[in-house]
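Undergrad: Can you look at this prediction? I've put the sequence above it.
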Amino acid sequence: MPQPCSVRTAATSCGRCVHTTGWSGLIPGIQRSCYDRRGRWRVNITLVSTFDLNGGAAQAAHRLHRALRGRGIASQMLVNRRDSDDPDVVRVVPTSAEDTAMWAARYAAIRAEEDVYPVLKAHRFSPFHGERAPSAAQWLDRLQTADVINLHWVRGFVDWEAFFPSQPAIRPVVWTLHDLNPFTGGCHYAGGCTGFIDSCGRCPVLDSDAGDDLSAQVLHRKRAVLARSQMPLHIVAPSRWIAKEAQRSSLFATQPLEVIPNSLDLDRFRPFDREAARAELGLPPGSIIMLFVAHLLDDRRKGLHRLAAALRLLGPVPGLEVVAVGMGTPAFDAPVPLTVRPFQASGACIAHLYAAADLVVVPSDQDNLPNTVLEALACGRPVVAFPVGGVPDMICDGETGLLAHGFSDADLSEALVRALQARPRWPALGEAGRRQVERENAPEVQARRYIALFERVIRDAAG
């Protein structure tokens, strides 16, 4: 049985007994205790994410939500777009003509601010987003039953000015970082830019030479909002890399931070028979299949063009072909056949594609803790990747996969050569990868780590 919660309340000081009036009673309208008399945790967790399945960050958030539910935790997700049939995922949309008009007006104002920059005007799915959102404060009443709010990837959904100052000092906010956007002036990945360490400006993503450009304004506004906010903010970094970046930033440098890796469903993503998977998917049984997975295949950050360049350097390899899973019809200039399969966030198809592959290649230029790497390792497939972001957290070179020894196309090509030469060791590499994710990325492991964090931030907030 869990130990009684040590949170102090205005009503009781319990010693060794279970609270009859716990932390939740401190917020009007919430009358639950941390643990009931049977030792069950009675704290409400609300995860906030723009999406629930659309994209890697959304899938990671939903996996955490399911992991918490699997431990009996009262978890719900609030999203702007709902693609799952999960009854505990609630879509927040305008409910009246007045709200709809307000959302539209705010969206137009946000676009007008961004459209000053041609690069943003030309690309609606741009790598830059500010801190404002069309929804403003219209849905914040849905958070009143939450004991802890867990933010995830919230671009275009959570408006900083409306959200942060509205949260009481006794309701902790935990922000799980899926990219750098929460602590930059708007970019999701900074490349070689270090502007977020100080004040942004002269933003390469905006193609701007102005010191007071939109990136500087956004970072200034974010800093001002947090200065006025009372609620405790705690940061969760899924990788050591993004933890270090957050600690270097001017915005989050002083915030408490903890590294908790993402999880995945180890029953869905598990080793399958390779030949059976290929027969099911209509893939040739004798080929060497390299798998590439990205939500958008033409997303240059994900690096399909880098894989093509590396394969050109590698030259012809008998029987080698690439299967790319994702949306779009990418250019692929390489002496290797390319097959494109549509991306499916749900269903068993993606797991069977991993099973059908010999190697999974992740040539991202920047990434946090890519789901593709976790999924491949869980399916017992070796991964070849650049040593960027959180990838080295998951791949031990020569043990669970192969890391390039640099960041050039030639370095990736050399890693592919080593991977092909290691063919007799592919089964051992795959088994080692599976053991690693069972140890570090099982849902129950992630849920246990988050529950411990939630208990601690509740205790700290209550004083």
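TA: Sure, I can see it. Residues are numbered from 1 along each chain as shown.
Undergrad: What separation do you get for Arg71 and Ala216?
TA: 43 Å (Cβ to Cβ, to the nearest Å). From N, CA and C alone the C-beta is placed, and that goes for glycine too.
Undergrad: Equivalent analysis for Gly401, please.
TA: 40 Å.
Undergrad: What residues sit buried inside the longest helix seen in the chain?
TA: In the chain, assigned by DSSP state H, the helix with the most residues is helix 443-462. For helix 443-462, a neighbour-count test (16 or more other Cβ atoms under 10 Å) marks 443, 445-447, 449-451, 453-455, 457-459, 461-462 as buried.
Undergrad: With stretch 210-227 instead?
TA: Buried residues in stretch 210-227 (16+ other Cβ under 10 Å): 213-219, 221-222, 225-226.
Undergrad: Now, those that are in helices?
TA: Filtering the buried residues of stretch 210-227 for helices - DSSP H - leaves 214-219, 221-222, 225-226.
Undergrad: which one of the residues you listed is nearest Leu264?
TA: Taking Cβ to Cβ as the measure, Leu264 lies nearest Lys222 of these, at 31.1 Å.
Undergrad: residues in contact with that closest one?
TA: Counting by Cβ atoms under 8 Å, 6 or more residues apart in numbering, Lys222 makes contact with 131, 160, 183, 185, 251.
Undergrad: what about 7 Å?
TA: Lys222 makes contact with 131, 160, 251, according to Cβ atoms under 7 Å, 6 or more residues apart in numbering.
Undergrad: And it, how far from Val361?
TA: The spacing between Lys222 and Val361, counted by Cβ to Cβ, is 36 Å.
Undergrad: ditto for Glu113
TA: Distance from Glu113 to Val361, by Cβ to Cβ: 39 Å.
Undergrad: out of the two, which sits in the more crowded spot?
TA: Neighbour totals were compared for Glu113 and Val361, and Val361 leads with 29 against 15 (other Cβ atoms under 10 Å).
Undergrad: nearest spatial neighbour of Gln446, skipping sequence neighbours?
TA: With sequence-adjacent residues excluded and distances taken as Cβ to Cβ, 6 or more residues apart in numbering, Gln446 is closest to Ser263, at 3.8 Å.
Undergrad: quick one, phi psi at the closest residue in space to Arg223 that isn't next to it in sequence?
TA: Counting by Cβ to Cβ, 6+ apart, the nearest residue to Arg223 once its immediate chain neighbours are dropped is Leu251, at 6.1 Å. In terms of degrees, to the nearest 10, the main-chain angles of Leu251 are phi -90, psi -40.
Undergrad: likewise Thr95?
TA: Backbone torsions of Thr95, given as degrees, to the nearest 10, read phi -110, psi 0.
Undergrad: show me the contacts for Gln255.
TA: 233-235.
Undergrad: how close does it get to Val79?
TA: Counting by Cβ to Cβ, the gap from Gln255 to Val79 is 25 Å.
Undergrad: how about low-confidence regions in the stretch 51-200 of the chain?
TA: Segments of the stretch 51-200 of the chain classed as low confidence (criterion: pLDDT under 70) are 124-125, 136.
Undergrad: can you map out the strands along it?
TA: 74-81, 89-91, 148-151, 173-176 (DSSP state E, counting those that start in this stretch).
Undergrad: that older thread, just the ones of the contacts of Gln255 in strands?
TA: Of the positions in the contacts of Gln255, 233-235 sit in strands, assigned by DSSP state E.
Undergrad: Tell me if I'm right that Asp198 and Ser249 touch.
TA: No - under the criterion of Cβ atoms under 7 Å, Asp198 makes no contact with Ser249, lying 9.3 Å away.
Undergrad: higher neighbour count, these two?
TA: Ranked by neighbour count (other Cβ under 10 Å), Asp198 and Ser249 place Ser249 first, with 21 against 11.
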